[in-house]
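# Return atomic coordinates for the entry below.
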Amino acid sequence: MIIARSLPASKSKLKPLLSLSFLAQSPLTPSTTHNSYCNFYPQNPTKTNFLYFFSSKPTNPSPPKHQTFPSLHLTRDGNYDDATPPATVCPGCGVHMQYTNPKHPGFYKEPSVKDPDYKSDAHLVPISLESEFPGSLKRGFFVEPDSQNPDLDLAENESVLEKRPPVVCARCHSLRHYGKVKDPTVENLLPEFDFYHTVGRRLVSSSGARTVVLLVVDAVDFDGSFPKKVAKLVSDSIEENFTAWKEGKSGNVARIVLVVTKIDLLPSSLSPLGFEQWIRRRAREGGASVIKKVHLVSSVRNWGLKNLAEDVIELAGARGRVWAVGAQNAGKSTLLNAMAKCVGGNERKVSYLTEAPVPGTTLGIVRVEGVLPGQAKLFDTPGLLNPQQITTRLNREEQRLVHISKELKPRTYRIKEGHSVHIGGLMRLDIVELSVDSLYVTVWASPYLPLHMGKTENISTMVEDHFGRQLQPPIGDKRVKDLGKWVRQEFRVSGNRWDSSSVDVAAAGLGWFGIGLKGEAILGVWTYEGVGVVLRDALIPYRAQSFEVTGFTVSKIVSKADQALNKSLSQSEKKRKQSNQEVAASAELLVSAIHEDANSC
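Numbering: from 1, shown residues only. Now for the predicted structure:
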């Protein structure tokens with residue numbers, strides 16, 4: 001049976017179940033199918049415009065396997081300029097969207113809008129009563145429109161479209177719903193994001209709207225995520241433009257707001273005042289000589305977001321430009337989404353960014369709507385790649401082990417000269433020389449990373465027998481070879497207290513060793529070539545109440561993985577033995593049968 005509906009100006013009630021075509025209108029061309037819903041439907045539809053029929057064969061056959069697509073202009077400029085229509089840029093990651101080639105970045109599919117009662121048979125009028133339809137359709141039904149209020153459907157469907165979430169690219173859809181990118185190789189087609197050409201020149205411009213720069217830094221990887229080049233670039237421009245402003249020239253003096261995210265991952269007993277002082281010292285050493293504000297926030301716990309939003313709105317003014325800048329996975333997108341919820345602006349206008357524990361989630365400049373009042377604008381930018389972070393060379397499974405998702409807990413060793421501590425298979429600390437009997441080493445890293453403490457003279461055995469196995473990451477012998485060779489750095493440290501750490505030895509993207517001693521020591525630090533290692537004042541001075549013992553401290557994840565592997569190997573060995581026993585029994589029966597036949601003869 002054929003069911004037809006008359007839906008004047010009603011866009012959401014169209015439900016193409018199989019292959020649908022117009023009877024009294026030519027089929028849509030590809031140039032019209034990708035437009036918005038307003039362009040897709042005629043303004044004054046007739047009954048015949050919306051009469052669809054079912055066919056056993058599709059009216060638009062699937063494209064051939066080797067279909068060629070038009071060449072696309074690949075860019076990562078996003079939608080900074082007002083000339084760029086927001087609908088052409090993915091609101092989740094900033095990539096320019098396209099509908100023609102699923103193997104290119106920015107591919108998307110326009111979701112269909114369903115009418116809640118599109119399957120209902122209510123208000124169906126037998127089509128046989130309608131004189132304008134041919135006899136071949138007399139067995140169908142026609143849905144009578146509301147003659148008293150023909151604009152009712154239009155208003156209802158406009159409301160539906162307003163509530164519908166914005167369309168995002170296929171990559172963002174996969175990240176939001178599955179936490180991973182379906183085809184990471186697609187991103188390789190994009191050109192490298194030239195931050196200093198695309199964003200940097202706007203941050204230091206002496207003309208135009210007021211500029212506010214949010215330097216977003218990860219609290220548990222401060223030195224690895226601090227954008228030193230951007231901090232120095234903006235700080236230098238502040239001094240230059242301020243001098244010009246005092247001389248009466250045009251001088252747009254940028255404001256730097258240092259935002260330290262993920263503070264919920266630090267121990268709750270850490271003093272906020274002492275932490276802020278530590279941050280300002282590290283930021284000055286990193287190139288940020290002029291900082292307007294420092295904010296300590298947690299996007300997960302909503303700590304500090306209200307004060308941050310109020311300061312940003314005040315600094316930006318009515319027409320300012322606010323730029324969020326930071327390293328990959330520093331938490332920029334999560335921060336801006338949390339700010340949008342905290343501000344509580346117009347929900348219809350707020351565009352939420354894509355969040356995922358995957359480096360490089362944002363691909364282009366994204367204008368975040370509905371957060372700042374007036375004509376002020378807020379922009380998210382692609383994360384800056386820091387090749388010195390160890391996470392840049394790990395695969396996704398290894399990154400999960402390194403990723404810190406819970407409040408850090410200290411793991412402390414009391415160590416003598418000639419001993420070493422491993423953090424997985426990624427970093428090693430050697431106690432080369434000591435002016436005292438021993439020192440205290442506190443490890444601040446993911447609780448899922450296994451540790452080992454033993455004599456330095458046994459290191460060669462550790463590498464050969466345990467790297468990629470008990471000491472992970474890397475995971476597996478192949479990954480040990482893939483990550484390359486280790487290099488050594490030497491540090492001379494000193495301290496004046498036993499009960500607290502004096503200095504940290506931090507590795508970018510991994511964690512740090514807190515060193516507590518009353519005397520002097522020479523430390524040897526080993527990690528993969530190119531990984532950034534710094535010596536700094538201790539971030540968290542105290543240590544654990546109880547000490548770790550010599551040998552392995554196996555993490556939960558690695559322990560479970562080893563148990564699963566051992567169980568699998570045990571089952572395989574059991575099946576093999578059972579199979580051998582069955583083969584041996586079959587052979588014995590065959591030999592016995594042969595002997596019986598021989599005896600009977």
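
# where along the stretch 451-600 of the chain do the helices fall?
For the stretch 451-600 of the chain, the helices defined by DSSP state H, counting those that start in this stretch occupy 459-466, 477-482, 556-600.

# among the ones you listed, which gets the worst mean confidence?
Comparing mean pLDDT across the helices of the stretch 451-600 of the chain, the weakest is helix 556-600, with a mean of 67.

# Surely Cys342 forms part of a helix?
Yes: counting by DSSP: H, G, I helix; E, B strand; the rest coil, Cys342 is part of a helix.

# ok, now which ones touch it?
302, 305-306, 309 (C-beta atoms under 8 Å, 6 or more residues apart in numbering). Quick note: C-beta positions are derived from backbone N, CA and C, even for glycine.

# now these: which count as buried?
Among these, the ones that count as buried by 16 or more other C-beta atoms under 10 Å are 305, 309.

# Throw the contacts of Cys342 into a markdown table and include secondary structure, thanks.
Supplementary listing: those in a markdown table, determined by three-state DSSP:
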| residue | secondary structure |
| --- | --- |
| Asn302 | coil |
| Leu305 | helix |
| Lys306 | helix |
| Ala309 | helix |
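
# which one of the contacts of Cys342 is nearest Leu335?
Nearest to Leu335 among those: Leu305, at 8.2 Å, using C-beta to C-beta.

# Please name the residues that touch the closest one.
With contacts defined as C-beta under 8 Å, 6+ apart, the neighbours of Leu305 are 297, 299, 338-339, 342.

# now do Phe275
With C-beta under 8 Å, 6+ apart, Phe275 has these contacts: 263, 266, 296, 539.

# so the first one makes contact with Val294?
No: under the criterion of C-beta atoms under 8 Å, Ile263 lies out of contact with Val294, with a separation of 11.7 Å.

# So what's the residue count around Ser207?
Other residues within reach of Ser207, judged by other C-beta atoms under 10 Å, total 8.

# ok, it touching Asn252?
Yes: using C-beta under 8 Å, Ser207 is in contact with Asn252, at 6.1 Å.

# about what we covered before: can you pick out the residue with more neighbours from Ile263 and Val294?
Ile263 (22 against 17).

# what pLDDT does that one get?
97.

# what sits against it?
219, 275, 296-298, 303-304.

# And Met427, its phi and psi?
phi -160, psi 150 (degrees, to the nearest 10).

# Tell me how many other residues crowd it.
25.

# What sits closest to it if chain neighbours are left out?
Of all residues not flanking Met427 in the chain, Thr527 sits nearest, at 4.5 Å (C-beta to C-beta, 6 or more residues apart in numbering).

# Export the contacts of Cys342 to JSON lines and append columns for pLDDT.
Compiled in JSON lines, these are given as follows (pLDDT from 0 to 100):
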{"residue": "Asn302", "pLDDT": "93"}
{"residue": "Leu305", "pLDDT": "95"}
{"residue": "Lys306", "pLDDT": "94"}
{"residue": "Ala309", "pLDDT": "94"}
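
# Tell me the one among the contacts of Cys342 nearest to Gln581.
Comparing the contacts of Cys342 against Gln581 with C-beta to C-beta places Asn302 closest, at 63.1 Å.
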